[in-house]
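Peer 1: okay, sequence plus prediction incoming.
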Amino acid sequence: MSEITAQPQNASQTAFRLSASDLEIWRGETLLLNGFSCHVDAGELVWLRGPNGAGKTTLMRILLGLSHPEAGQISWCGRDIREARADFLADAAWCGHQPGLRPELTPHENLAAWLPLCGRPSGRRIEEALALVGLGDRQAQPCHSLSAGQVRRAGLARLLLSEARLWCLDEPLTSLDAEGQTLVARLLADHCRQGGAALVSSHQALPESAGPIRELRIGREGTQ
Ligand SMILES: Nc1ncnc2c1ncn2[C@@H]1O[C@H](COP(=O)(O)OP(=O)(O)OP(=O)(O)O)[C@@H](O)[C@H]1O
């Protein structure tokens, strides 16, 4: 395995837990979740499942502090994520539908601009990360001209460079070919084996090579 996925930055620290309790979440006039509790521990791969509109994206954004619940508590290693904000932001990474890449910039330029913003030094690891996700030959191509799957891969490269212990991925298999899906599974397996954790929303089953998976279901039963 490449050096870049060797281990999350703080993996040598003690075990960690993202924990949510008694969440009440509304969107518009709809009550999505009420009295909802969950957790993600170090080493775990958690598969968040539920039908369209159940609130998976909403829940993940709330768990990361990107949006807020109407009620309930969310803690990181026992501290409210608002109090632990700096530590939590350094420890958690989000890979959503929109990877947040500037379209006029190349993947390399995007990552080079992003790394200092999240307190990471830029350097040769960008090239290593892009090669690892299969974009080694696309480093000089503007993101607006990349395919949907290539944009997804650029988002994965950013995840790798984040060195975060907790990964939250929203539908990471979308737009990826079979080789790309296998890559996601391998990255998840390596990350969790080496002390990280991941919360993954997906309508598709993750490949078996992703390793042990704990399911977390929201929404109506039997409607997956
Ligand atoms: N800003 C908003 N205003 C009103 N309703 C919203 C808003 N954002 C999301 N919703 C609604 O909240 C519900 C949950 O949306 P969310 O994207 O979290 O679902 P999801 O489980 O991720 O769905 P999918 O499987 O289709 O990706 C949906 O019914 C959606 O229409």
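Peer 2: The structure has been received and is ready for your questions.
Peer 1: which parts of the protein sit against the ligand?
Peer 2: Along the chain, the residues adjacent to the ligand under the rule CB under 6 Å from any ligand atom are 27-28, 30, 32, 50, 52-58. All C-beta spots, glycine's among them, are computed from the backbone N, C-alpha and C.
Peer 1: now list the buried members of those residues.
Peer 2: For those, a burial check counting by 16 or more other CB atoms under 10 Å picks out 32, 50, 54-58.
Peer 1: where does L173 sit: helix, strand or coil?
Peer 2: coil (DSSP: H, G, I helix; E, B strand; the rest coil).
Peer 1: what's the local residue count around it?
Peer 2: Neighbourhood size, L173 [other CB atoms under 10 Å]: 18.
Peer 1: can you tell me the SS state at the residue sitting nearest the centre point of the chain?
Peer 2: Relative to the mean C-alpha position of the chain, the nearest C-alpha, by CA atoms, centre = their mean, is the one of C168, at 2.6 Å. Put simply, C168 is strand when judged by three-state DSSP.
Peer 1: where does pLDDT dip in this protein?
Peer 2: 1-14, 122-124, 220-224 (pLDDT under 70).
Peer 1: hang on, the earlier thing: so which of the buried ones among the residues of the chain next to the ligand sit within helices?
Peer 2: Among these, the ones falling in helices (DSSP state H) are 56-58.
Peer 1: contacting residues around the most far-flung residue of the chain relative to its centre?
Peer 2: For the chain, the C-alpha farthest from the mean C-alpha position belongs to E29; by CA atoms, centre = their mean, that distance is 28.0 Å. Shown in contact with E29 (CB atoms under 8 Å, 6 or more residues apart in numbering): no residues.
Peer 1: mind listing the helices for this structure?
Peer 2: According to DSSP H, the helices that the chain contains are 56-63, 85-91, 107-117, 125-132, 148-162, 178-193.
Peer 1: would a markdown table of those helices with distance to G78 be doable?
Peer 2: Output for the helices of the chain, formatted as a markdown table (distance: least, CB to CB, whole Å):
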| stretch | distance to G78 |
| --- | --- |
| helix 56-63 | 15 |
| helix 85-91 | 11 |
| helix 107-117 | 28 |
| helix 125-132 | 31 |
| helix 148-162 | 23 |
| helix 178-193 | 21 |
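Peer 1: nearest to R120, of the buried ones among the residues of the chain next to the ligand?
Peer 2: For those, the minimum distance to R120 (CB to CB) is 25.7 Å, reached by T57.
Peer 1: contact partners for the closest one?
Peer 2: Shown in contact with T57 (CB under 8 Å, 6+ apart): 96-97, 170, 201.
Peer 1: turn these into a markdown table, columns for distance to I62.
Peer 2: Formatted as a markdown table, those follow (distance: CB to CB, whole Å):
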| residue | distance to I62 |
| --- | --- |
| G96 | 13 |
| H97 | 16 |
| D170 | 13 |
| S201 | 13 |
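Peer 1: alright, I will stop here.
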